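**Student:** Sharing a model prediction with you, sequence too.
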Amino acid sequence: MKLPDFIELVHRHAHRRWNASASDVGVSYSEFEYLSAIKEQEFRKTDKDDHGQHLQDVVETMGVRKASASVMVVKLEERGWVRRVPCQYDARAQHILLTEEGQVRLETGRSIYASVAREILGELGEKERGELLQICSLTASP
């Protein structure tokens with residue numbers, strides 16, 4: 001199987017799983033994407049304190065408009081999945097952090113992908129699985 005075909009297969013399975021599971025897991029795909037972007041930015045911290053990133057970082061990571069990101073962050077905050085704290089270096093800015101419940105929702109979303117991965121691996125032949133594992137090990141190298 002060629003890599004583009006595999007990516008299409010993964011996308012198709014993931015899309016179907018999200019559609020089937022979204023109401024059960026209590027997090028939409030869009031919400032999951034924002035939670036993932038917020039979590040991803042936590043590893044890119046440049047300040048010395050325990051802060052996440054600013055709204056602009058979410059905008060850049062997601063490739064969305066600032067107004068859209070702002071609306072979603074407010075929604076996530078109202079659900080108790082993120083919290084905002086003032087930035088000690090810029091009085092105009094706030095850092096966005098996942099709450100414990102936000103982390104749970106993120107992990108729930110990731111479990112959908114883990115399920116899709118198991119499902120796809122089960123459908124691949126031995127040769128295809130070997131090729132996939134080789135590709136994964138090559139992309140995991142620094």
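**Tutor:** Perfect, I can see it now.
**Student:** Tell me which residue lies nearest the centroid of this structure.
**Tutor:** In the chain, the residue lying closest to the centroid (C-alpha atoms, centre = their mean) is Ser36, at 2.6 Å.
**Student:** thinking that one is in contact with Gly109, fair?
**Tutor:** Yes: look at Ser36 against Gly109 with C-beta atoms under 8 Å: they come within range, at 7.5 Å. From N, CA and C alone the C-beta is placed, and that goes for glycine too.
**Student:** now the helices for this structure?
**Tutor:** For the chain, applying DSSP state H gives helices covering 3-25, 29-42, 55-62, 66-78, 100-123, 126-140.
**Student:** and the angle from the last one to helix 100-123?
**Tutor:** Relative orientation of helix 126-140 versus helix 100-123 (axes from the mean of the first three to the mean of the last three C-alpha atoms, to 10 degrees): 140 degrees.
**Student:** Next, the contact list for the closest residue to the residue nearest to the centre of the chain other than its chain neighbours, please.
**Tutor:** Excluding the flanking residues, the one nearest Ser36 by C-beta to C-beta, 6 or more residues apart in numbering is Leu106, at 6.5 Å. Contact analysis of Leu106 by C-beta atoms under 8 Å, 6 or more residues apart in numbering lists 32, 35-36, 39, 98.
**Student:** Now tell me what touches the helix or strand of the chain with the lowest mean pLDDT from outside.
**Tutor:** Here the helix or strand of the chain ranked lowest by mean pLDDT, DSSP states H and E is helix 126-140, holding a mean of 73. Applying C-beta under 8 Å, 6+ apart, the external contacts of helix 126-140 come out as 1, 3, 6, 121, 124.
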